[in-house]
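Asks: sequence and computational prediction follow.
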Amino acid sequence: MTAAADRRPDAVVVGAGPNGLVAANLLAGAGWDVVVLEAQPTPGGAVRSDREVHPDFVHDTFSAFYPLAVASHAMTSLHLEDHGLQWEHAPAVLGHPFGDRQWAVLHRDRDRTAAGLEELHPGDGEAWLELCRTWDRVGGPLVDALTSPFPPLRAGARLLPGLARAGGLDTVKQLATPVSSFGREKFGGPAARLLLAGNAGHADFPLASPGSGVFGILMSMLGQTVGFPVPRGGAQALTDALVTRLTSLGGRVETDTPVTRVVVRDGAVAGVLTRDGDWYDTHVVVADVAAPHLFGGIVRAEDLPPRVVRGMQDFELDPGTVKVDWALTGPVPWAGSPAAAPGTVHVADSVEEMTETLSQVASGTIPDRPFLLTGQMTTSDPTRSPAGTESFWAYTHVPQPSRTRGDAADEVTGRWDHDDLERFADRMQARIEARAPGFGGLVAARRVLGPHELEARNANLIGGAVNGGTSQLHQELVFRPVPAMRGRAATGVHGLFLGSASAHPGGGVHGAAGANAARAALWQRRLRALPRRRTARGVR
C-alpha cells in the first residue's frame, strides 16, 4: 500500500459517471480538494461515445438523449455550456409509427403536436392541450420534487398549490393511474396513447402498474418543454464539459483506478484503497456505485448498519438491455415518414403489444416482439456521420440473465453469448425492417452489446440494468435503495454517501443523486463545525 501527501483529499468520489462528476463539481465549488477515481480508461460512466462501429460514425455507447439533463437543477446550475457543451435537436422530438403508414409525432411546439393528434382522431388535439395546461401548473415543481433530496419540502410546498389549481385530487388520481388506463380514458385514438405509453416504457414499469402514468406524462411533457436534446459531437461531450469544469476548480479525475475497498473504522470512513494498492486518506466518500457493488462489496457487510444489509437482500435490479448500433449508408427508410424527422422513434404496433412485451420481460421471458427505443443521431446532430448517412441505434429490455426463464420465440438461450446476441439483433432488425422496408440494405456495420458487454464497459450496469435498480414504486422515494436509508444519501457510515442511480431519485442523466450526496456531505461538515457537537443523522 502506498500513500502520498497529494492523496489526502477532502473527498474521494468513486466513479466518474454523471452523478459522480456532478457531486465532484459541487464539492470542488465549495472549496474542497476532490479526486474522482474511475475504473474505466475513460470517464463518463453511461455517458460516453465512440467510433468502434465505423471510423466515420460517432455512436453513443450507452445513453443518448438528455431531457432530464436540461430539466434538472443539478445539471443546469453548473452552466456546462460555458465549458464547451452544445445542445442539438432533431426537427421533431419523437415519432411512433403505427397502423398503415401513420405516425404519432411529438414536437416541441405543443400546438403542432395537438394538430397532428387532432388530424388522426378528432378531439384528441384538445385533450392533449388540456394535459399540457395541467402540466403547466404542476410540471416544474413536480420535476424539482422528484430530483430534490427527500423529503422535498420546498418543491413540495410549491407543488401543492399547483395541484390544487389543476384539479386537486382528481389530478392526483390521474397522475397515479397506470398509463394504459390513462390513455384509454383521456384519448379516443391510438396516437396519443402510443406517445404516453412509449415514453413510460423508457423505465421498467409494467404499463398496467401505478407509476407508469406519471412517468409517461413526465417524459412526454419534457419532450415538449425542453425536447430530447443531444450533445453536439456525441455523448462524451457532456462528460467532457463536466470534467473540464471540475478541473478548472482544481478537482482531479484519475482513470484506470478501480476502488477495491472503502475502509471503515469505528463507524466512519477512514480512507480508500485501489486495486493497485494506492491509499487515499479521506473521511468523505461519495460513491457513484451501484448499491449491490457498494453494500457488502466495496464496503464490507460488517462495517454497515444491519438494517442496510438486511434491506439489500430484497434489492431488485431493473431488467437487462440489448443495444444494437448501426452505421447506415442512408437515412432510415421509414414508411410514411413524417415531414419533420424525429430524433427518437419507438417501435411497437400497439399499446396492447407493449403491455404484453413488458409483462414478458417482468416474468423472465425474452420477448418475441421486443419494444424498441431507437435513435436517429445524425438526424439529431449532423456531426455524427457523413452527410446523407445515419448513425442509428436501438435498444430493448430483456430479463436479467439470472432471471431468464425462456424465449417466447424459442431461438435464444438466455446465455447472451455471441450467437444469442446476433439472433436477437436479427429479431430487432426485422422489427425495424417491417416499418422501414429496405433498412437491411443500408447497413454498413453493426455492433451488438448485450447484458455482459454493457456491464464489462460499466460495472454499474449489472446484467445490463441501466437504472441502478427497478423504478417501480416499491423501490422508489423513501424505499430507494433500501427503506433504512429513507431516500437519503447518508448510508449510516459516517462520511459515506450513496450518489449513484441506485439512490433517490433513480436512473436518468439528471445528476440529482450525485448532487444530493454532495449536499449531504457539505451539511455533515457544517454540523461538525458547530460549537456544540451534534451527531449527523444517519441509518441506525
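Replies: Now that the structure is in, tell me what you want to look at.
Asks: so for stretch 186-205, what gets flagged as buried?
Replies: Applying a neighbour-count criterion of 16 or more other CB atoms under 10 Å, one finds 186-187, 189-205 buried in stretch 186-205. (Each C-beta comes from the backbone N, C-alpha and C, glycine too.)
Asks: quick one: distance of that stretch to the chain centre.
Replies: Its chain's C-alpha centre and that of stretch 186-205 lie 18 Å apart, by CA atoms, centre = their mean, to the nearest Å.
Asks: dump it to PDB, keeping only the CA atoms.
Replies: Presented in PDB, the C-alpha positions along stretch 186-205 are these (Å, rounded to 0.1, in the frame of the first residue of the first chain):
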ATOM      1  CA  LYS A 186     -58.200  10.500 -22.000                       C
ATOM      2  CA  PHE A 187     -57.900   9.900 -25.700                       C
ATOM      3  CA  GLY A 188     -60.100   8.300 -28.300                       C
ATOM      4  CA  GLY A 189     -57.400   7.400 -30.900                       C
ATOM      5  CA  PRO A 190     -54.300   5.300 -30.600                       C
ATOM      6  CA  ALA A 191     -51.700   8.100 -31.400                       C
ATOM      7  CA  ALA A 192     -51.600   9.900 -28.100                       C
ATOM      8  CA  ARG A 193     -51.900   6.700 -26.200                       C
ATOM      9  CA  LEU A 194     -48.800   5.400 -28.000                       C
ATOM     10  CA  LEU A 195     -46.800   8.600 -27.200                       C
ATOM     11  CA  LEU A 196     -47.500   8.300 -23.500                       C
ATOM     12  CA  ALA A 197     -47.100   4.500 -23.300                       C
ATOM     13  CA  GLY A 198     -43.900   4.600 -25.300                       C
ATOM     14  CA  ASN A 199     -42.400   7.200 -23.000                       C
ATOM     15  CA  ALA A 200     -43.400   5.200 -20.000                       C
ATOM     16  CA  GLY A 201     -41.500   2.300 -21.500                       C
ATOM     17  CA  HIS A 202     -38.200   4.200 -21.000                       C
ATOM     18  CA  ALA A 203     -38.400   2.900 -17.400                       C
ATOM     19  CA  ASP A 204     -39.200  -0.600 -16.300                       C
ATOM     20  CA  PHE A 205     -42.800   0.000 -15.200                       C
END
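Asks: any idea how far R457 is from V230?
Replies: Distance of R457 to V230, given as CB to CB, to the nearest Å: 20 Å.
Asks: more neighbours, those two?
Replies: Set R457 next to V230 and count neighbours by other CB atoms under 10 Å: V230 wins out with 28 against 17.
Asks: correct me, but that one touches D381?
Replies: Yes: taking CB atoms under 8 Å as the definition, V230 is a contact partner of D381 at 5.2 Å.
Asks: name the residues contacting each of the two.
Replies: Here V230 and D381 share the contacting residues E88, scored by CB atoms under 8 Å, 6 or more residues apart in numbering.
Asks: mind giving me the domain split of the protein?
Replies: Here the domain parsing of the chain from automatic domain parsing is 5-50+235-315+468-529, 93-227, 319-466.
Asks: Q86: which of those is closest?
Replies: Closest of those to Q86 is domain 5-50+235-315+468-529, at 7.3 Å (criterion: CB to CB).
Asks: can you pull the poorly scored residue ranges out of the stretch 101-250 of the chain?
Replies: 153, 163, 166 (pLDDT under 70).
Asks: how about the helices of it, start to end?
Replies: Per DSSP state H, counting those that start in this stretch, the stretch 101-250 of the chain carries helices over the ranges 110-120, 124-147, 153-166, 169-176, 179-186, 190-200, 212-225, 236-248.
Asks: out of these, nearest to H89?
Replies: Across the helices of the stretch 101-250 of the chain, closest to H89 is helix 212-225 (CB to CB), at 10.5 Å.
Asks: so which elements touch that closest one?
Replies: Here helix 212-225 touches strand 92-98, strand 102-106, helix 124-147, helix 169-176, helix 179-186, helix 190-200, going by 3 or more CB pairs under 8 Å, 6 or more residues apart in numbering; DSSP states H and E.
Asks: redo the ones you listed as JSON lines? Include distance to L496.
Replies: Shown next, in JSON lines, are those (distance: least, CB to CB, whole Å):
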{"stretch": "strand 92-98", "distance to L496": "39"}
{"stretch": "strand 102-106", "distance to L496": "41"}
{"stretch": "helix 124-147", "distance to L496": "22"}
{"stretch": "helix 169-176", "distance to L496": "34"}
{"stretch": "helix 179-186", "distance to L496": "37"}
{"stretch": "helix 190-200", "distance to L496": "34"}
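Asks: of these, which approaches A465 most closely?
Replies: Using CB to CB, these put helix 190-200 closest to A465, at 17.8 Å.
Asks: from the contact counts, what lies against the closest one?
Replies: Where contact means 3+ CB pairs under 8 Å, 6+ apart, helix 190-200 is packed against strand 92-98, strand 102-106, helix 110-120, helix 124-147, helix 179-186, helix 212-225, helix 351-362.
Asks: where does this structure dip in pLDDT?
Replies: Applying pLDDT under 70 to the chain picks out residues 1-6, 153, 163, 166, 529-540.
Asks: what about 90?
Replies: For the chain, the stretches flagged by pLDDT under 90 are 1-7, 137-176, 205-206, 208-211, 473, 476-477, 525-540.
Asks: where do the helices sit along the stretch 251-400 of the chain?
Replies: Using DSSP H, counting those that start in this stretch, helices in the stretch 251-400 of the chain cover 291-294, 306-312, 351-362, 377-380.
Asks: which of those helices is buried the deepest?
Replies: helix 377-380 (a mean of 25; mean count of other CB atoms under 10 Å).
Asks: correct me, but G406 touches P399?
Replies: No: assessed by CB under 8 Å, G406 is found out of contact with P399, at 9.4 Å.
Asks: which neighbours do these two have in common?
Replies: G364, T365, I366, G414.
Asks: for those, which one is nearest A490?
Replies: G364 (34.6 Å).
Asks: hang on, the earlier thing: and the helices of the stretch 101-250 of the chain as a markdown table, adding distance to Q429?
Replies: Output for the helices of the stretch 101-250 of the chain, formatted as a markdown table (distance: least, CB to CB, whole Å):
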| stretch | distance to Q429 |
| --- | --- |
| helix 110-120 | 28 |
| helix 124-147 | 32 |
| helix 153-166 | 43 |
| helix 169-176 | 37 |
| helix 179-186 | 27 |
| helix 190-200 | 19 |
| helix 212-225 | 25 |
| helix 236-248 | 26 |
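Asks: return the most buried member of those.
Replies: Neighbour counts (mean count of other CB under 10 Å) averaged over each of the helices of the stretch 101-250 of the chain peak at helix 190-200, with a mean of 27.
Asks: about what we covered before: closest one to G495 among the helices of the stretch 101-250 of the chain?
Replies: helix 236-248 (20.6 Å).
Asks: residues in contact with that closest one: which ones?
Replies: Against helix 236-248 from outside (CB under 8 Å, 6+ apart): 16, 18, 21-22, 24-25, 28, 34, 36, 42-45, 47-50, 66, 69, 78, 80-86, 231, 252-253, 509.
Asks: could I have that helix exported to PDB, CA atoms only?
Replies: Provided in PDB are the C-alpha atoms of helix 236-248 (Å, rounded to 0.1, in the frame of the first residue of the first chain):
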ATOM      1  CA  GLN A 236     -18.800  12.200 -24.500                       C
ATOM      2  CA  ALA A 237     -19.100  16.000 -24.900                       C
ATOM      3  CA  LEU A 238     -21.400  16.100 -21.900                       C
ATOM      4  CA  THR A 239     -18.900  14.200 -19.800                       C
ATOM      5  CA  ASP A 240     -16.000  16.300 -21.200                       C
ATOM      6  CA  ALA A 241     -17.800  19.500 -20.100                       C
ATOM      7  CA  LEU A 242     -18.300  18.100 -16.600                       C
ATOM      8  CA  VAL A 243     -14.600  17.100 -16.400                       C
ATOM      9  CA  THR A 244     -13.400  20.500 -17.800                       C
ATOM     10  CA  ARG A 245     -15.500  22.400 -15.200                       C
ATOM     11  CA  LEU A 246     -14.200  20.200 -12.400                       C
ATOM     12  CA  THR A 247     -10.500  20.600 -13.300                       C
ATOM     13  CA  SER A 248     -11.000  24.400 -13.600                       C
END
